[in-house]
Each structure stands twice: as C-alpha cells, then as structure tokens.
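Visitor: Have a look; sequence and predicted model below, questions after that.
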Amino acid sequence: MAKQGKDLTATIKLQAPGGQATPAPPIGPALGQHGVNIGQFIQQFNAETAALNGMTVGIVISVWSDRSFSFIVKSPPAAVLLKDAAKVAKGSGVPNREKVGTVTRDQLRDIGKQKLEDLNAYDVEAAANIIAGTARSMGIDVVD
C-alpha cells in the first residue's frame with residue numbers, strides 16, 4: 001500500500017470519538033510530532049466517521065515522507081460496544097463479584113459481526129465467544 005515515490009515514516013495507532021475529534025490530546029500531539037497537518041486530518045476523519053456520532057473508534061494513520069497521510073478507521077472497541085449493549089456507564093471494578101449488567105447471545109453475535117474483520121476469528125460464533133470473554137472481564141453477565 002506504499003504510495004508512489006514516497007517512504008512510510010511513521011504508523012500511529014489512536015482511539016478517537018467518531019465525528020467529534022478535536023486537535024486536543026491524544027490526536028494533536030501524536031500527529032504534530034510527525035509534521036502532519038492536524039486540521040486537515042481532523043476534517044477528513046470527522047467527515048468519514050460522522051455516522052458514528054461520538055462512539056470511540058480505532059485509527060491507524062500512515063505518515064509518508066512528504067508529511068502526507070492516509071488513515072484506516074477500525075471498528076469500535078469491544079468494551080465500548082458491550083457498554084452500549086448492556087446500557088451501563090462502565091465496567092465493574094470487581095468483575096468476579098459485582099455484576100453491572102447483562103447481554104444476550106444475540107447481542108454478542110451482533111457485536112461479533114461488527115468486529116469480525118478486526119478479530120482473530122473465522123466465523124461469527126468464534127467472534128461472539130471472544131466478545132463474551134470481554135464481557136465477563138467487565139462484569140457483564142451473558143444470558144441466553
């Protein structure tokens with residue numbers, strides 16, 4: 001995926017709110033140290049992720065030798081999707097004793113479908129099992 005005549009100088013991985021990113025940390029400092037035009041990145045990122053409306057997403061930014069950039073938007077983290085599905089503000093501090101919410105297997109499959117390309121899983125059931133493990137570590141019960 002190298003651009004013609006340009007060398008890749010940096011790859012930056014960040015998380016930012018979709019459609020609502022600002023030049024404030026962590027985006028501004030991470031891009032500024034590589035000489036990337038922060039305003040241009042924010043404008044392009046917010047335009048591409050406008051439909052996500054504030055949901056945290058992962059970004060992989062490639063910075064080229066002429067200070068141009070390209071980026072790939074990943075799916076939201078599993079924890080964010082689980083908190084949304086269980087309608088809780090945050091996970092449990094003691095997940096083995098204090099449960100904060102519940103999700104169904106169908107909700108896990110939906111989240112698994114959404115994250116399938118970012119997970120190390122061959123099918124939706126395997127992805128749902130990975131998401132179920134994340135739910136357990138957050139103190140969210142899985143019900144059938």
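Guide: Looks like it came in fine.
Visitor: now the strands for this structure?
Guide: With strands called from DSSP state E, the chain shows them at 8-17, 56-64, 69-73, 101-104, 140-143.
Visitor: how far off strand 69-73 does the first one point, in degrees?
Guide: Just to be clear, that refers to strand 8-17. 40 degrees (axes from the mean of the first three to the mean of the last three Cα atoms, to 10 degrees).
Visitor: partners of strand 8-17, with directions?
Guide: strand 56-64 (antiparallel) (DSSP bridges).
Visitor: who touches the strand it pairs with?
Guide: With Cβ atoms under 8 Å, 6 or more residues apart in numbering as the test, strand 56-64 has contacts from 1, 3, 6-18, 30-31, 34-36, 41, 45, 49, 69-77, 80, 118. The C-beta positions use only the backbone N, C-alpha and C, and glycine is treated the same way.
Visitor: try stretch 65-80
Guide: By Cβ under 8 Å, 6+ apart, stretch 65-80 touches 1, 3, 6-9, 15, 18, 31, 34-37, 41, 44-45, 48-49, 52, 55-64, 91, 111, 114-115, 117-118, 130-131, 134, 138.
Visitor: Quick one: buried ones out of those residues?
Guide: For those, a burial check counting by 16 or more other Cβ atoms under 10 Å picks out 18, 31, 36, 41, 45, 49, 52, 55, 57, 59, 61-64, 91, 111, 114-115, 130-131, 134, 138.
Visitor: Helices of the protein, residue ranges please.
Guide: Assigned by DSSP state H, the chain shows helices spanning 27-32, 38-48, 78-86, 105-115, 124-138.
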